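Trainee: no sequence for this one, just the structure:
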């Protein structure tokens with residue numbers, strides 16, 4: 001969605017919150033973005049109201065302000081918003097809204113999301129499967145392994161890659177990691193980028209080496225090496241393992257920075 005800049009910039013929290021009730025949907029959209037960017041945690045209830053009730057709808061049938069509210073709640077990692085997000089999962093009028101809600105629930109990481117996400121996966125109806133499978137992996141939902149494995153043969157290569165990422169996160173079996181690494185050589189640059197982001201999520205040094213050798217821009221390599229480092233440092237691995245990984249990754253990132 002293209003957003004027209006505000007006539008006057010948002011200069012503070014009170015201005016942004018007031019803008020949420022503006023008649024112009026583009027101003028509401030921008031205000032939601034501003035509140036998330038500036039981590040205004042107290043705005044969660046107003047964002048929930050927009051998520052449920054914003055009436056602006058595009059000619060294609062989508063709800064851009066509601067989608068933006070979902071993304072904002074995920075950025076804020078607002079645990080208080082989880083019940084509202086779960087309620088909005090049932091919205092079947094905008095697939096991109098459902099996708100944004102799924103991603104927000106994954107970012108928040110609250111276990112209350114597990115049952116409704118599993119219900120979506122098992123519903124038999126068309127879903128934003130890539131986001132849904134990635135969310136189940138991020139939430140470490142082991143009981144969905146048998147449901148996800150068939151997606152390794154899905155016609156969509158992105159869904160296949162999401163399934164491989166989930167299967168590796170749950171089982172740590174190397175064949176699933178290799179499925180993702182293979183996509184780093186894909187002729188389609190979008191799939192190469194997507195594979196790099198998938199590898200950035202799994203936190204494995206072998207994945208870091210594969211990213212360094214891939215046909216990708218250095219900025220993308222840096223971003224995903226940082227994500228791997230963050231995952232390793234946040235894990236329960238021994239301190240010595242974390243220190244060794246950090247030294248290896250910092251050295252690799254320093255070399256990339258010199259090439260920018």
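Mentor: Received, thanks. This structure is a prediction, so every number in the text was calculated from the model and none was measured.

Trainee: how many neighbours does residue 49 have?
Mentor: A count of nearby residues for residue 49, using other C-beta atoms under 10 Å, gives 14. To be clear about C-beta, it is placed using only N, CA and C from the backbone, and glycine gets the same treatment.

Trainee: what helices or strands is the lowest-mean-pLDDT helix or strand in the chain leaning on?
Mentor: The helix or strand of the chain with the lowest confidence, counting by mean pLDDT, DSSP states H and E, is helix 205-213 at a mean of 90. Packing contacts for helix 205-213, counted by 3 or more C-beta pairs under 8 Å, 6 or more residues apart in numbering; DSSP states H and E, involve helix 174-182, helix 189-202, helix 218-234, helix 239-259.

Trainee: try 6 Å
Mentor: Counting contacts by 3 or more C-beta pairs under 6 Å, 6 or more residues apart in numbering; DSSP states H and E, helix 205-213 packs against helix 189-202, helix 218-234.

Trainee: of those helices, which stretch is the most buried?
Mentor: Highest mean neighbour count among the helices and strands packed on helix 205-213 (mean count of other C-beta atoms under 10 Å): helix 189-202, with a mean of 20.

Trainee: other SSEs contacting that helix?
Mentor: helix 157-171, helix 174-182, helix 205-213, helix 218-234.

Trainee: other residues contacting it?
Mentor: The contact list for helix 189-202 (C-beta atoms under 6 Å, 6 or more residues apart in numbering) reads 157-158, 161, 165, 168, 180, 183-184, 186, 207, 211, 216, 220, 224, 227-228.

Trainee: quick one: which of these is nearest residue 85?
Mentor: residue 165 (22.4 Å; C-beta to C-beta).
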